[in-house]
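**Q** Quick one, fold the following:
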Amino acid sequence: MSRVLILNPADDVAIALDDIATGDTPDGLDAPSRADIATGHKIARHAVEEGGLVRRYGQVIGRARTAIAAGDHVHVHNLSMAEDGREAEVGADLRPPAPLSGATFNGIVRADGRIGTRNYIGVLTSVNCSATVARRIADAFPDSSLPKGVDGVVAFTHQGGCGGSSLSSDVTLLQRTLAGYARHPNFHSILIVGLGCEANQIPAWLANEGLE
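**A** Numbering: from 1, shown residues only. Predicted coordinates:
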């Protein structure tokens, strides 16, 4: 017996998981197929009147060009693009799970209220030219030498920030990316290493991203 997939209980169509022969009644449907239907195509679960809305995934995917009978192959020959005039309510069926009671973990509350699970010191570079210095700084603090409560000193380097305009999209993207690292709750503090002549000037970067 051929199989179908019903993606949502409200759907007017099912998706063929196997090739369906004319007259075959797929498992999960009540009416026999009225045509040969290839795997991946749609078969009508029930009748839809001409002009009626057709749903899949619980959403309207078009209108019936002609009357569709249960078991019909639903495709471009009998389905047209259409809107139902309503705005989709994204996430309307979302049911958040109940909060866990008594569940805890060891975390670090940051000043902005976010929670970190590690306590690193980050070394960021405003430009690729200072990457070696950043790595040398991080390498100078092996884990064995760190005080209690500090998980490590890590350097994050890149290959940008040097030539070009300080107002270019490349510099803007770099500043946003570096700011994401700087704000990460697993960092206790950040050291920024620059060269001085780069397009990605540190004062401008801090100001543009609202970093202190």
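**Q** Helices along this structure, start to end?
**A** 131-139, 169-182, 202-209 (DSSP state H).
**Q** Can I get these in TSV including mean neighbour count and mean pLDDT?
**A** (C-beta placed from N, C-alpha, C; glycine too.) As requested, the helices of the chain are exported to TSV (neighbours: other C-beta atoms under 10 Å; pLDDT from 0 to 100):
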stretch	mean neighbour count	mean pLDDT
helix 131-139	16	96
helix 169-182	16	93
helix 202-209	16	93
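**Q** among these, which is nearest D19?
**A** helix 169-182 (48.2 Å; C-beta to C-beta).
**Q** so what does that closest one touch, helix or strand wise?
**A** Contact analysis of helix 169-182 by 3 or more C-beta pairs under 8 Å, 6 or more residues apart in numbering; DSSP states H and E lists strand 120-125, strand 187-193, helix 202-209 as its packing neighbours.
**Q** what's the straight distance from one end of stretch 53-69 to the other?
**A** Start and end residues of stretch 53-69 are separated by 14 Å (C-alpha to C-alpha, to the nearest Å).
**Q** got a list of contacts for it?
**A** Stretch 53-69 is contacted by residues 7-13, 15, 31, 34, 42, 44, 47-52, 74, 77-84, 88 when judged by C-beta atoms under 8 Å, 6 or more residues apart in numbering.
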